[in-house]
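Asks: sequence? don't have it. structure:
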């Protein structure tokens, strides 16, 4: 966020919602599937409906460097799931993420595209591989 010109108030992850309630800052960006669950019991907070901040933040599996068999198996399984569409299907139908597109109303939002300076060169290259990314603008 700071790299993209946003003033940031830092705090422990478990304290940020409390800090927002106490007006220590104006907003708390969350992953697209998180805010509704996190504030379900906080009636004085709401999910902003007009803005979406988009920046690359890939998920990775890490295994012991010596466990090449596990690493290869995970890579094979993920590549297979991408190729046959079952990974997209899992994300789009999983209880945590299935209603995200409808809830987020992405088409109605002003989208700000940020960069992520913390990505390695290899991760930056993967950003140019559309098969690794699920489009949430459906």
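Replies: That came through, no problem. Here the structure is a predicted model, which means the values were calculated and not measured.
Asks: The helix or strand of the chain with the lowest mean pLDDT: which residues count as buried?
Replies: The weakest-scoring helix or strand in the chain, judged by mean pLDDT, DSSP states H and E, is helix 100-104 (a mean of 86). Within helix 100-104, the residues that count as buried by 16 or more other Cβ atoms under 10 Å are 100, 101, 104. (Glycine included, C-beta is placed from N, CA and C.)
Asks: Chain neighbours aside, what residue packs nearest to the last one?
Replies: Translated: residue 104. Spatial nearest neighbour of residue 104, chain neighbours left out: residue 32 (5.6 Å); criterion: Cβ to Cβ, 6 or more residues apart in numbering.
Asks: Could you check how many residues crowd around that neighbour?
Replies: 15 (other Cβ atoms under 10 Å).
Asks: helix or strand right after the least confident helix or strand of the chain?
Replies: Next helix or strand after helix 100-104 toward the C-terminus (DSSP states H and E): strand 110-113.
Asks: the strands in this structure, which residues?
Replies: Assigned by DSSP state E, the chain shows strands spanning 51-54, 110-113.
Asks: rewinding a little: how much space separates the residue nearest to residue 104 from residue 81?
Replies: 20 Å (Cβ to Cβ, to the nearest Å).
Asks: How about residue 124?
Replies: 23 Å.
Asks: Quick check on residue 10: phi, psi?
Replies: phi -90, psi 150 (degrees, to the nearest 10).
Asks: so how far is residue 63 from residue 105?
Replies: Relative to residue 63, residue 105 is positioned 38 Å away (Cβ to Cβ).
Asks: now swap in residue 23 and tell me
Replies: 43 Å.
Asks: what's the lengthiest helix in the chain packed up against?
Replies: Ordering each helix of the chain by length in residues (DSSP state H) puts helix 68-84 first. Packing contacts for helix 68-84, counted by 3 or more Cβ pairs under 8 Å, 6 or more residues apart in numbering; DSSP states H and E, involve helix 86-93.
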